[in-house]
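> Got a sequence here, can you build the structure:
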Amino acid sequence: MAKLTKEEIVASLKEYTMLELNELVKAVEEEFGVTAAVAAAPAAGAAQAEDAGAKGPSEVSVFLTNAGQTKVAVIKAVQAITGLGLLDAKKMVDTLPAAIKEHISTSEADEIKAKLVEAGAEVEVK
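Okay, the predicted model is just below:
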């Protein structure tokens with residue numbers, strides 16, 4: 001039997017279903033006495049850590065640090081963003097720094113920050 005190249009092996013693996021690939025991995029593990037999961041797990045973890053570091057945080061929180069000169073406009077913006085009642089929004093603005101929204105995507109945080117800055121507030125995204 002002729003020795004196959006890596007490219008030929010990869011091309012043939014592309015034709016397999018996930019179930020067939022799983023059976024193949026088990027057969028290779030049994031034949032050679034190895035475990036594929038042990039070797040692949042650290043590499044996958046390192047790749048995910050590198051991706052996370054390169055892209056930045058996936059979740060952030062928006063904090064109101066200063067209501068500025070137009071406090072009423074900031075209270076209305078906080079009310080619209082959080083869905084709180086007017087009194088609760090006022091209490092939030094009065095107790096600074098206040099977490100407006102936590103554990104949200106960076107794009108949503110940017111939108112919220114823009115609304116609050118437009119209302120005259122100082123905002124911090126962490």
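> so I9, which of the three states?
helix (DSSP: H, G, I helix; E, B strand; the rest coil).
> neighbours around it, how many?
9 (other Cβ atoms under 10 Å). Where C-beta positions appear, they are placed from N, C-alpha and C, glycine not excepted.
> now swap in the one 5 residues further on and tell me
As a burial measure, K14 scores 7 neighbours (other Cβ under 10 Å).
> So K126 is in contact with T65, correct?
No - in this structure K126 lies outside contact range of T65 using Cβ atoms under 8 Å: 10.6 Å.
> Can I take it that Q69 is in a strand?
No - Q69 is assigned coil when assessed by three-state DSSP, not a strand.
> List the contacts of it.
G120 (Cβ atoms under 8 Å, 6 or more residues apart in numbering).
> more neighbours, K126 and T65?
T65 (13 against 10).
> Confirm that that one lies within a strand, as I assumed.
Yes - secondary structure of T65 (three-state DSSP): part of a strand.
> just checking, it touches L96?
Yes - look at T65 against L96 with Cβ under 8 Å: they come within range, at 6.2 Å.
> ok, which stretches of this protein are helices?
For the chain, applying DSSP state H gives helices covering 6-13, 18-32, 36-55, 71-82, 86-94, 106-119.
> Could you say which one of these comes nearest to S61?
helix 106-119 (7.6 Å; Cβ to Cβ).
> in this structure, what spans have low per-residue confidence?
Applying pLDDT under 70 to the chain flags residues 1, 36-56.
> how close does the nearest residue to L116 once chain neighbours are set aside get to K101?
If the residues on either side of it in the chain are set aside, L116 comes closest to V123, at 4.8 Å by Cβ to Cβ, 6 or more residues apart in numbering. V123 sits 11 Å away from K101, going by Cβ to Cβ, to the nearest Å.
> of the two, who's got more company?
V123 (20 against 15).
> I'd assumed L64 was in contact with that one.
Yes - between V123 and L64 there is a contact at 6.0 Å, judged by Cβ under 8 Å.
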